[in-house]
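Peer 1: Could you work out the structure for the sequence below:
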Amino acid sequence: MSETRQIIVGIIILIIIFILTRIGIGYRIRQTATYIIKDLERQEAFDPDSAVELPYAEPQYFRIGMRDFKPKALQSLIQGEIVGKIGDRKYYIKKRVTV
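Peer 2: Below is the predicted model:
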């Protein structure tokens with residue numbers, strides 16, 4: 001195989017790997033968002049009066065282990081107006097969704 005073909009094949013493989021990792025991250029964030037919604041339902045946080053604190057709302061910078069998607073998923077839920085935020089750390093379900 002010529003050098004040009006090797007470079008093109010290498011670039012195509014890198015693009016495929018990049019796309020697959022983005023799909024995997026999206027899947028993990030969706031799973032985590034479902035977990036957060038179920039957690040808020042379990043704690044019965046359905047309106048601003050019953051809002052609860054979530055210990056995983058803020059990212060932990062010195063954490064050992066796998067990547068934590070909970071702060072990112074929670075931010076996505078807030079931006080999508082599914083979860084509401086009161087003050088600094090209290091959250092509740094704004095809009096009911098089926099998960």
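
Peer 1: Now the top helix by length along the chain: buried residues?
Peer 2: If you go by DSSP state H, the chain has its longest helix at helix 3-42. Under the neighbour-count criterion of 16 or more other CB atoms under 10 Å, helix 3-42 has 29, 32-33, 36-37, 40 buried. Backbone N, C-alpha and C define where each C-beta goes, glycine included.

Peer 1: Which strand or helix spans Tyr56?
Peer 2: Taking DSSP states H and E as the definition, one finds Tyr56 inside no helix or strand.

Peer 1: need the contact list for it.
Peer 2: Counting by CB atoms under 8 Å, 6 or more residues apart in numbering, Tyr56 makes contact with 68, 70-71, 74.

Peer 1: Which members of these are classed as buried?
Peer 2: Neighbour counting by 16+ other CB under 10 Å classes 70, 74 among these as buried.

Peer 1: Grab the most central residue of the protein for me.
Peer 2: Residue closest to the mean C-alpha point of the chain, counted by CA atoms, centre = their mean, is Ala73 at 2.6 Å.

Peer 1: Can you tell me the SS state at that residue?
Peer 2: helix (DSSP: H, G, I helix; E, B strand; the rest coil).

Peer 1: Quick one, grab the pLDDT at it.
Peer 2: What the model reports as pLDDT for Ala73 is 90.

Peer 1: Arg28 versus that one, what's the distance?
Peer 2: 8 Å (CB to CB, to the nearest Å).

Peer 1: What average pLDDT does the longest helix of the chain get?
Peer 2: Helix 3-42 comes out at a mean pLDDT of 94.

Peer 1: for stretch 89-99, same thing?
Peer 2: Taken as a whole, stretch 89-99 has an average pLDDT of 77.
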